[in-house]
Every structure is written in C-alpha cells, then in structure tokens.
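Engineer: no FASTA, just this:
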C-alpha cells in the first residue's frame, strides 16, 4: 500500500463524513486525511444535515443508518429540487445496509456514488472518493 | 342503442315463449283430463285453468328474475363503488345470461364515472363549497381537512377521522397543529408554506411527498403525500384545505422492509469493515518494517477477511434468489476485462495457498450482457471452489472462448480431488457438499447453487466435468450482448433499457 498512489487533486478537498460508528469513522478520517482531504466527522443525523447545509463541502460520505435522521432523509433533504441554490457537494452513500434492489436504485439516482463499506478498505474508499469529482 | 334493442328483443321473445308454453299447457290439460277422466268439458277446463294459473305465476316469477338480472348487476356495481356501502362485491358479469354486453358496457361507464369523480375530488380546490362539504367531503375516500384563518379545523371528513385516528367531532374547533403532528423530509414544511401564503398571496397550493404523521401510541405509522390549497377570500371562511394521499405501504418499504437477513448482514458487515480497515493499517506498518513472517500472516488475515466478505454476499444473494428478488442490471461489457478484474481479486486467496491462476482469453470475443456484480460472484465462487478442492495441485487454468453455439464460454479447471460421478447430479443444489470432503474442505454448499441461479438468470448455463483424483472443470456460458439486445427487442422487455443508464460503471465493482 504505497501512500503516494492518491492523485494530487484530492489535496484540500473537504469531506463531511456522516458516520456514527466511531471506529469506522476513525479509520476513514485517518485514511482521507492522509490522502490530503480535510475531514469533518459527524455521527448525528440532524447535526450532520445542519452542517451540510451551512458548509460548502466538496464530498459528503453518507451512512444510511445514523441516529435522529436516517441517511435517506438526509439525502432527500440535500437533494430536494426546491433547494436554491442546489447543494454543490457530491454525495456518496457508504453503507453496510442491504437494500431491496428497487429501493437501492432509487437511492442511487439521487446520489453520486454508492458503496458498501465492508467491500472496501479505507485506502480503497479514498480511491473511490478521488474518482467522484 | 343497439344493446337495448337486443335486450328488448330477448325479453319479447322470452315473453312470447312463456305465453305460448302456457297456452299449449292449458289446451293439453283440457284434452288430457277429458280423455283420461271423462269429466265434463267445464270441469276439466276449470282444473286446467287452476293448473295453468299456478304454472304461469311460477314461470313469470322465474322469468322476472331472469330479466331483472342486468339491472341488479348494474345496481350492484354502483353499490360496490359507493363509499358509504362497504363490503358490496363487484357484480359478476360473466354469470349473466341476459344483456351481458350491455351490463359490461354500462358498468364500465359507472366505474369510469366514479374515477372521474374521485379525481375531480382530488383537485377539489375549485369545486363549490357546499358541494364539497355535502357530497365530496363526506363521501370522498381521501382524508380531507379544512380550516379557517386561525388554523382552527372547521371540518374533517370520515376518512380523515379514520386515518388520523381521532373522531371528526373531536377534531373540529381544534388547532390543526394540535391534531396533526407532521414531519417533512425537508425544511419546506406545511406551516412554513402556510405562513408565506398568508403573507403574500390570495391563493396558493402545494404538494409534499413523504410526509410522516407522528401519531400517538398504538396507532399505526402513516406516510403520505399532502396536497393543500389556500384561499384567503373564501366566503365560507374556509381558508385552507388539506388532502392526504396515503402511501404508507410504499414509503415504509424503504424504512421497514429490512428483512432479518439484511439486518444480520449489516451486523456482520460492520465488524468486517473494521477488520479490513485495521488489517490495512497494520499491513502498511509491517510492510515498512519488513518482517517477512508478519507480512505473510497479515496477507493471510486479509485473504480470510475477503473470503468472509464474499460469504456474507453469498448469504444475501441466496436469500434473494429464494425470495425471487434477484434483479439483474444487464450492461454491455467487455468480458475479458470483467474476468480479469474478478480473477485479480481472487489472486490473493490463491496465493495464500500457493496456487497460481492462469488465464487464457480468446481474442475474438463479442461483448456480453452481464450484471457486473452478480457475474463476478459467479467467477468468485467457481474459482474459490477450485482453490478449495485443488489438494496438492498448484495450478488452476481459466479459459474463455467463443463456443460452437456462438456463446461466450468460460471454464475453470483444477487438477485436484475431483468429484465422484454419484455426486455430480446434486452439485448445484443448495447446501450440497461432497460428504467425503466435508471434513477436509470448508464451505457451505451455497456457491454453486448461487452460481447456477445467476448464470441461468443471464440466459446462460452451467456445466461440470470431472474425474476423481484428476480434477474438475466447471464451465458456464454467457449470451453475446448483440443477441441479447435483439431478443429483448422482440419480447418488448425493459431489462436492457433499465440497465442502459449505467451507474458509475468503472466503480460498480464496489456496489455491493
């Protein structure tokens, strides 16, 4: 795992990591920070939504099972067509939850990426985030 | 109308028939009575008259029922639709013997009319208030609430009372927010909208999707779309109207329909995510410190974690297949690329056991229509099997080529334990494992069952040939994309179009 494989443009990009599982958040924070991202971790749905609205993040990593507001609710709110101006951030769903295919397709339509956390190591997650520009 | 003429003719014919039969009977009776009993003409005529009278009463009864059947069927159709009459079944028009076409026609119109009425009711904003209140509001199957300028409820119909779980009487006169505790998916809420509407416009309307009703205990959860209409200058003081469109079933699916398996999988995946994350961190450190033994251990650990992840996916997919929920998104793919990626992912597992995977790929391959993720699981399972059953042998040969039937065929050959001929027929059934090897080789017996189901769903087939102690070859075929597209076109299926909007194709590997 050579640390320099991450392309340069990621440096300075901001990421909001909405993740309530502390250890996973810690691993993602570590890997993303190492790759040059500026990371904010929030584990509460409602707080995360507020933060996403108040700050101009480049990428939002969104877990679907977070307390106080589900990831689906956060996604719908952030991608609400009546939002002016539309949210600039790229939203990547990062979940371990298995959805029915049609539900998942519905979620995917509104997001910019969808990944299953167990399928990726933190390093591979960084690579994924790199490609969602 | 042609149908009515037809009906009239049938009734007329029937009546003539009844009269004729009756008269004939009368005559017959008189003649018979005279001959047999040698009664006088007058007596036999009287007896015949009594018989004839009772018969004609009976016949006309039967005939009347027969003739009124269509009217009854129509009446039943109307009752069936009427919101106040619960439990009246739709008429069984097929059973009608008379005027079936006419009734079908008229019933269709009744149903159509009802539909128009209810859709008009949905857009009831322009409908006259008295009409709304008396007819639509009370018989409208949709929950409807009206309120005045102070947000006090003026009226709630029966459907609203049932839906919210509060009697209409108890709602009237109360503040709307005391009765309806609603959650909205965004900050664009009902009260925000109403406040704005009151400030700035004479009339306004809005629609929200996925509104949640926060209900009291013991009342089921409600999810609905909310349509509202605001009119400041309404003469009846009805300023705001709310109509609720229930979608509880559809909307709660994404929240609640997380099956037991999906939840278990979630619980398994969380520690797996961590395990793989920490392994990666350790590997980074150990690779720089350079202890080869630890490096080797770490690699084995990673390989096991990967295997566990694959197994979790297998459980899920088997559940999907059993539940008839396996859905494929078929995209046009370059088969060699898909195969190489899958084999690449497996090389670690092979390496840990000292096995090398050789790949032979023909050059003339057409593109195939595959679901990227599912088909990778097929390769995963078949190659994984080959690794497990390789025994002392250290090579696995993977080949792909265009076969004689014009299908893309892929084979995985190992030179290990082989399979006994008696086992082969059961190989692709669920939980089946060769009993002789059960002790030596790990596994659940799900992989081949799954592979077969996935390949079959792709329109291909799976086969195996094996010799004990010499090894086994597993093969599967895939249909070229062009052929598949052509078949889809013919059958008018939408699978391809569904698969056509590709989802960050390069990364769909990570999807599941």
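Structural biologist: Right, received. Where do you want to start? These numbers were taken from a predicted model, which means no experiment stands behind them.

Engineer: so where do the strands sit in chain B?
Structural biologist: Using DSSP state E, the strands found in chain B span residues B:144-147, B:153-156, B:182-183, B:203-213, B:222-231, B:240-246, B:331-333, B:356-361, B:368-370, B:395-402, B:408-414, B:462-467, B:471-478.

Engineer: and of the ones you listed, who's closest to chain A?
Structural biologist: The closest of the strands of chain B to chain A is strand B:203-213. By Cβ to the nearest Cβ, the value is 7.1 Å. (Each C-beta comes from the backbone N, C-alpha and C, glycine too.)

Engineer: picking up where we left off before, could you export the strands of chain B as JSON lines, including mean pLDDT?
Structural biologist: Listed next are the strands of chain B as JSON lines, based on pLDDT from 0 to 100:
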{"stretch": "strand B:144-147", "mean pLDDT": "85"}
{"stretch": "strand B:153-156", "mean pLDDT": "85"}
{"stretch": "strand B:182-183", "mean pLDDT": "81"}
{"stretch": "strand B:203-213", "mean pLDDT": "81"}
{"stretch": "strand B:222-231", "mean pLDDT": "83"}
{"stretch": "strand B:240-246", "mean pLDDT": "84"}
{"stretch": "strand B:331-333", "mean pLDDT": "86"}
{"stretch": "strand B:356-361", "mean pLDDT": "93"}
{"stretch": "strand B:368-370", "mean pLDDT": "89"}
{"stretch": "strand B:395-402", "mean pLDDT": "94"}
{"stretch": "strand B:408-414", "mean pLDDT": "95"}
{"stretch": "strand B:462-467", "mean pLDDT": "91"}
{"stretch": "strand B:471-478", "mean pLDDT": "94"}
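
Engineer: Can you name every helix or strand that whichever strand or helix holds residue A:76 contacts?
Structural biologist: Using DSSP states H and E, residue A:76 falls within helix A:71-78. The elements that helix A:71-78 packs onto, with contact taken as 3 or more Cβ pairs under 8 Å, 6 or more residues apart in numbering or on different chains; DSSP states H and E, are helix A:45-54, strand A:59-62, strand A:90-95, helix A:101-110.

Engineer: What is the linear distance spanned by stretch B:149-167 between its boundary residues?
Structural biologist: 22 Å (Cα to Cα, to the nearest Å).

Engineer: from the chain's centre, how far out does it sit?
Structural biologist: Centroid displacement of stretch B:149-167 relative to its chain, using Cα atoms, centre = their mean, to the nearest Å, is 33 Å.

Engineer: go on, stretch A:118-128?
Structural biologist: The answer for stretch A:118-128 is 12 Å, by Cα atoms, centre = their mean.

Engineer: Now tell me what touches the helix holding residue A:76 from outside.
Structural biologist: The contact list for helix A:71-78, computed with Cβ atoms under 8 Å, 6 or more residues apart in numbering or on different chains, reads A:18, A:45, A:48-49, A:52-53, A:60, A:62-66, A:87, A:89, A:91, A:93, A:95, A:107, A:110-111, B:185-187, B:210, B:254-255.

Engineer: what about the helices in the stretch 201-350 of chain B?
Structural biologist: B:248-256, B:260-289, B:292-322, B:335-352 (DSSP state H, counting those that start in this stretch).

Engineer: same for the longest one, what does it pack against?
Structural biologist: Using 3+ Cβ pairs under 8 Å, 6+ apart as the contact criterion, the secondary-structure elements in contact with helix B:292-322 are helix B:260-289, helix B:335-352, helix B:372-388, helix B:447-457.

Engineer: The last one now?
Structural biologist: Contact partners of helix B:335-352 among helices and strands, from 3+ Cβ pairs under 8 Å, 6+ apart: helix B:292-322, strand B:356-361, strand B:368-370, helix B:372-388, strand B:395-402, strand B:408-414.

Engineer: Turn these into TSV, including mean neighbour count.
Structural biologist: Shown next, in TSV, are the helices and strands packed on helix B:335-352 (neighbours: other Cβ atoms under 10 Å in any protein chain shown):
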stretch	mean neighbour count
helix B:292-322	18
strand B:356-361	13
strand B:368-370	26
helix B:372-388	23
strand B:395-402	18
strand B:408-414	22
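
Engineer: related to what we said a few turns ago, would you mind finding the most buried of the helices and strands packed on helix A:71-78?
Structural biologist: strand A:59-62 (a mean of 26; mean count of other Cβ atoms under 10 Å in any protein chain shown).

Engineer: Sheet-wise, list the partners of that one with their directions.
Structural biologist: strand A:14-18 (parallel), strand A:90-95 (parallel) (DSSP bridges).

Engineer: Now tabulate the ones you listed in CSV and tack on distance to residue B:305 and mean pLDDT.
Structural biologist: As requested, those are exported to CSV (distance: least, Cβ to Cβ, whole Å; pLDDT from 0 to 100):
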stretch, distance to residue B:305, mean pLDDT
strand A:14-18, 22, 96
strand A:90-95, 18, 93
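
Engineer: quick one on the thing from earlier: in terms of mean pLDDT, which of the helices and strands packed on helix A:71-78 ranks lowest?
Structural biologist: Looking at those, the lowest mean pLDDT belongs to helix A:101-110 (a mean of 79).

Engineer: Just give me how far that one sits from the chain centre.
Structural biologist: Offset of helix A:101-110 from its chain centre (Cα atoms, centre = their mean): 16 Å.

Engineer: Okay, domains of chain B per the record?
Structural biologist: B:2-117, B:124-254, B:326-510 (automatic domain parsing).

Engineer: Among those, single out whichever gets nearest to residue A:70.
Structural biologist: domain B:124-254 (9.0 Å; Cβ to Cβ).

Engineer: where does chain A dip in pLDDT?
Structural biologist: A:1-10, A:100-102 (pLDDT under 70).

Engineer: For the spatially closest residue to residue B:353 that is not a sequence neighbour, give me its contacts.
Structural biologist: Nearest-residue entry for residue B:353: residue B:387, 6.1 Å, with adjacent residues in sequence omitted and distances by Cβ to Cβ, 6 or more residues apart in numbering or on different chains. Going by Cβ under 8 Å, 6+ apart, residue B:387 touches B:346, B:349-350, B:353, B:355, B:396, B:414.

Engineer: Now list the buried members of those residues.
Structural biologist: B:346, B:349-350, B:355, B:396, B:414 (16 or more other Cβ atoms under 10 Å in any protein chain shown).

Engineer: now the domains of chain B as CSV including distance to residue B:265?
Structural biologist: Formatted as CSV, the domains of chain B follow (distance: least, Cβ to Cβ, whole Å):
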stretch, distance to residue B:265
domain B:2-117, 43
domain B:124-254, 17
domain B:326-510, 14
